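Asker: What would the 3D arrangement of this be:
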Amino acid sequence: MGKKKVGILAECVCDLPKSVLNKCGVDMLYFLVETESGVFTDSDEITAENVIYYLENSGGKTRSSPPPSDVYYRAFEKNLKRYDELILVAISSGISNSCKNAQAAVSIMGSEGKRVHIFDSQHLSTGLGILVLRAAELANKGFGSEKILAELDELKKHVSTSFIAKNADYLYRNGRVSAFVKNVCTAFGIHPVLAMKSGKLWLKRIIFGSYDNACKAYVRQELKDEKNIDKRCGFITHAGCSVKKLRIITSEAEKYCKFDELKITNASATVTCNCGPDAFGVLYVKK
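Answerer: Next comes the predicted model:
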């Protein structure tokens with residue numbers, strides 16, 4: 001069999017199930033999660049459940065990092081045997097060194113490096129996942145890298161990536177918010193809502209009150225502009241939320257926006273160690 005025209009590579013921080021990526025023909029790279037016990041490969045050696053147990057019982061810190069450049073190099077080398085060109089749909093360079101490490105791998109590949117394209121998604125979690133799925137769809141239809149990259153560049157402007165955290169403790173531990181924000185949230189019982197904007201994670205709003213009520217308020221605020229939401233597919237991506245809480249979140253989402261398909265996905269260990277237990281996001285495409 002001849003080579004397929006374009007191959008798509010993703011990172012585990014796209015928070016899409018491996019079964020979905022396998023069905024789309026997408027290969028995946030795994031981030032690293034560091035605890036006081038050592039460094040572990042996301043999914044293979046550590047899961048979101050492991051991270052939650054560790055955070056809630058040890059009080060220790062966790063730190064995540066993308067694969068080193070040699071891992072990207074091997075992934076590119078392997079996949080170039082199957083494809084004419086490759087596109088890595090990467091987590092935002094504004095919050096990770098993923099793109100930097102991938103570019104370092106490309107730089108030592110010589111002429112072969114011209115066949116590898118690093119796309120900075122400016123998103124994370126299933127906001128990134130939306131772009132991965134679209135790239136795979138176009139690649140499987142036989143479109144070339146130029147067309148795929150152009151469409152991804154436009155689509156990323158319309159993806160809405162946000163999440164609510166129970167508190168700011170874990171965000172502070174991993175340097176996502178300042179000590180001032182963490183202390184204010186703790187003192188006043190505030191639940192922070194963070195969102196991606198121009199490739200950076202920023203504090204979009206704060207919500208007071210019980211966390212159950214704050215979750216409902218977050219869903220309502222994210223989906224209130226229903227007419228400007230692409231209803232074909234939406235995601236609720238969570239870090240260890242209970243079945244009961246997910247039912248409440250889903251029910252609340254359906255009050256405001258009738259998606260053709262509303263998918264529930266689990267956050268990766270990498271995403272979980274940064275946002276903390278019980279955090280979740282409503283992610284979709286804006287018209």
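Asker: lowest-confidence helix or strand of the chain?
Answerer: Each helix and strand of the chain was given a mean pLDDT (mean pLDDT, DSSP states H and E); the minimum falls on helix 169-173 at a mean of 73.
Asker: So for the helix or strand following it, mean pLDDT?
Answerer: As assigned by DSSP states H and E, the chain's next helix or strand after helix 169-173 is helix 179-188. Model confidence over helix 179-188 averages 80 on the pLDDT scale.
Asker: do the same with stretch 67-76
Answerer: Mean pLDDT, computed over stretch 67-76, is 97.
Asker: List the buried residues in it.
Answerer: For stretch 67-76, burial by neighbour count (16 or more other C-beta atoms under 10 Å) applies to 67, 69, 71-73, 75-76. In short, each C-beta sits where N, CA and C put it, glycine included.
Asker: swap in stretch 163-175?
Answerer: Judged by neighbour count using 16+ other C-beta under 10 Å, the buried positions of stretch 163-175 are 163-174.
Asker: Now for those residues: which two are most distant?
Answerer: Comparing every pair within the buried residues of stretch 163-175 by C-beta to C-beta identifies Ile164 and Arg173 as the most remote, at 17.4 Å.
Asker: rewinding a little: are there helices or strands packed against the least confident helix or strand of the chain, and which ones?
Answerer: On a contact count with 3 or more C-beta pairs under 8 Å, 6 or more residues apart in numbering; DSSP states H and E, helix 169-173 meets helix 179-188, helix 269-275.
Asker: Of these, which is nearest Val39?
Answerer: Across these, closest to Val39 is helix 269-275 (C-beta to C-beta), at 11.9 Å.
Asker: Name the next helix or strand downstream of the closest one, please.
Answerer: Using DSSP H and E, the helix or strand that directly follows helix 269-275 along the chain is strand 280-285.
Asker: Show residues contacting that following strand.
Answerer: Contact partners of strand 280-285, identified using C-beta atoms under 8 Å, 6 or more residues apart in numbering, comprise 125-127, 129-130, 155, 158-164, 215, 218-219, 222-223, 229-230, 232-239, 241, 249, 253, 257, 259.
Asker: So which of the residues you listed belong to helices?
Answerer: Among those, the ones falling in helices (DSSP state H) are 125-127, 129-130, 155, 215, 218-219, 222-223, 249, 253.
Asker: and the two most separated of these?
Answerer: Largest separation among the ones in helices among the contacts of strand 280-285 by C-beta to C-beta: Leu155 and Cys215, giving 27.7 Å.
Asker: higher neighbour count, the two?
Answerer: Using other C-beta atoms under 10 Å, the more surrounded residue of Leu155 and Cys215 is Cys215, with 22 against 15.
Asker: Surely Lys100 and Ser93 touch.
Answerer: Yes. Assessed by C-beta atoms under 8 Å, Lys100 is found in contact with Ser93 at 6.9 Å.
Asker: Give me the more crowded residue out of the two.
Answerer: Ser93 (18 against 13).
Asker: mind putting the ones in helices among the contacts of strand 280-285 in CSV, distance to Phe31 and pLDDT included?
Answerer: Below are the ones in helices among the contacts of strand 280-285 laid out as CSV (distance: C-beta to C-beta, whole Å; pLDDT from 0 to 100):
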residue, distance to Phe31, pLDDT
Ser125, 12, 97
Thr126, 15, 98
Gly127, 16, 98
Gly129, 14, 98
Ile130, 19, 98
Leu155, 23, 98
Cys215, 27, 96
Tyr218, 26, 98
Val219, 28, 98
Glu222, 26, 97
Leu223, 29, 97
Ile249, 26, 97
Ala253, 28, 97
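Asker: Now list the buried members of those residues.
Answerer: Applying 16+ other C-beta under 10 Å to the ones in helices among the contacts of strand 280-285 flags 125-127, 129-130, 215, 218-219, 222-223, 249, 253 as buried.
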